[in-house]
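J.: Sharing a sequence plus its predicted fold:
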Amino acid sequence: MPDAFLVALAGGICIGLASVFLMIMLGRIAGISGIVFSAAKTPVENFWSVMFTVGLVLGAFLFHLGSGSPIPDFDVPMPLLLAGGFIVGLGTKLGSGCTSGHGICGIGLLSVRSIIATCTFMLFGFITVYIRLHGGAS
Amino acid sequence: MKLFMGLLCGALFGFGLALSGMTDISKVIGFLDLFGNWDPTLAFVMGGGILVSLPFFQFGLGKIKAPLFTDVFRLPTKTDIDGRLIGGAVLFGIGWGLVGLCPGPAIASLAYLNIDILYFGLAMLAGMFVADFVDGFLDKKS
């Protein structure tokens, strides 16, 4: 297996372990969209979710600090950036989850809802990228 | 202790996101380019996550009575496949394809101190609050 695949697999295992630990320690599903929303809406009642959100940033920081791995480029036109962010927020809240909650925990629970949601957002991610990169006019 | 565990789980999660390449939007777009020049690398991220979560949720969780630092396991209870689930997933997929960030990496990559990523995060929160408001409105009506 190429190294890049192993690195991605190792990262995925860290994410899976973090999800399992969160359930064992705090009894919560590691659904990032839900956690971030509760950190923003009810920070006092759900202060653990604020800590988790801070942890996400800290963990990424520590990875780059420790590995010296370069910070990835991020160059997205502002209208696309804002529209994309808004739609991601809208969609994950309406659909009760994102890549982590549905994709990793929900599939782990063999939840039919999560399996259907995951297939749906992946498919629409594929279609959107296809249209953006290969769709006619541009 | 509960708060420290929250921080620790978040940090391991964020570390995994950065290590895996999920915070690199060019890699994410490459992965989502299934019908073009597909880069399968990031499929291993979800694969690795499920490799851990599936055995735990199917076989491990039932053997534990309660979480260590709270009273009960809070597991999802909804089972209905409805318009909100499907419509939400469609919207999320489109937004993910437009920029290449899903919520976890969007927050984790705030560590890169790029103001644009903060704007993405704020737009995402705005979307969540709008959906929450609409949800509450619909619930009241029904």
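T.: Nice, I can see it.
J.: going forward, measure contacts and count neighbours with C-alpha atoms only.
T.: Will do.
J.: Now do the longest helix anywhere in chain B: which elements does it pack against?
T.: What stands out as the longest helix in chain B, according to DSSP state H, is helix B:115-141. Judged by 3 or more Cα pairs under 8 Å, 6 or more residues apart in numbering or on different chains; DSSP states H and E, helix B:115-141 is in contact with helix A:32-41, helix A:78-94, helix B:103-108.
J.: what residue ranges in chain B score low on pLDDT?
T.: Within chain B, not a single segment meets pLDDT under 70.
J.: ok, which stretches of it are helices?
T.: Using DSSP H, the helices found in chain B span residues B:2-20, B:25-32, B:43-55, B:83-99, B:103-108, B:115-141.
J.: okay if I get these as TSV plus mean neighbour count?
T.: Below are the helices of chain B laid out as TSV (neighbours: other Cα atoms under 10 Å in any protein chain shown):
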stretch	mean neighbour count
helix B:2-20	26
helix B:25-32	23
helix B:43-55	22
helix B:83-99	26
helix B:103-108	26
helix B:115-141	18
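J.: wait, isn't A:Thr118 in contact with A:Gly103?
T.: Yes: if you go by Cα atoms under 8 Å, A:Thr118 and A:Gly103 touch, sitting 5.6 Å apart.
J.: ok, how many other residues are close to B:Asp39?
T.: 15 (other Cα atoms under 10 Å in any protein chain shown).
J.: swap that for A:Gly31, please
T.: Look at A:Gly31: counted by other Cα under 10 Å, it has 23 neighbours.
J.: excluding its backbone neighbours, what's nearest it?
T.: A:Gly101 (3.7 Å; Cα to Cα, 6 or more residues apart in numbering or on different chains).
J.: give me every residue that touches that neighbour.
T.: A:29-33 (Cα atoms under 8 Å, 6 or more residues apart in numbering or on different chains).
J.: Need the pLDDT of it.
T.: pLDDT for A:Gly101: 95.
J.: For ChimeraX, what selects the buried ones among the contacts of A:Gly101?
T.: Buried members of the contacts of A:Gly101, defined by 16 or more other Cα atoms under 10 Å in any protein chain shown, are picked up in ChimeraX with:
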select /A:29,30,31,32,33
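J.: Report the two of the contacts of A:Gly101 separated the most.
T.: A:Ile29 and A:Ser33 (10.9 Å; Cα to Cα).
J.: Just give the number of residues close to the closest residue to B:Leu85 other than its chain neighbours.
T.: Nearest non-adjacent residue to B:Leu85, counting by Cα to Cα, 6+ apart: A:Gly95, 4.0 Å away. Applying other Cα under 10 Å, we find 26 other residues in the vicinity of A:Gly95.
J.: With A:Pro70 instead?
T.: Count around A:Pro70 with other Cα under 10 Å applied: 8.
J.: Contact partners for it?
T.: Neighbours of A:Pro70 in contact, by Cα under 8 Å, 6+ apart: A:His64.
J.: contacting residues for A:Val129?
T.: Neighbours of A:Val129 in contact, by Cα under 8 Å, 6+ apart: B:29, B:32-33, B:97-98.
J.: at 6 Å instead, please
T.: Applying Cα atoms under 6 Å, 6 or more residues apart in numbering or on different chains to A:Val129 gives the contacts B:33, B:97.
J.: which secondary structure element contains it?
T.: Assigned by DSSP states H and E, A:Val129 falls within helix A:112-134.
J.: how big is the angle separating that helix from helix B:25-32?
T.: Helix A:112-134 runs at 110 degrees relative to helix B:25-32, counting by axes from the mean of the first three to the mean of the last three Cα atoms, to 10 degrees.
J.: Report the buried residues of helix A:112-134.
T.: Result for helix A:112-134 [16+ other Cα under 10 Å]: buried residues A:113-131.
J.: Could you report the neighbour count for residue 82?
T.: This is for chain A. 24.
J.: could you do chain B instead?
T.: When counting by other Cα under 10 Å, one arrives at 11 neighbours for B:Asp82.
J.: Backbone dihedrals for it, please?
T.: Per-residue torsions, B:Asp82: phi -120, psi -180 (degrees, to the nearest 10).
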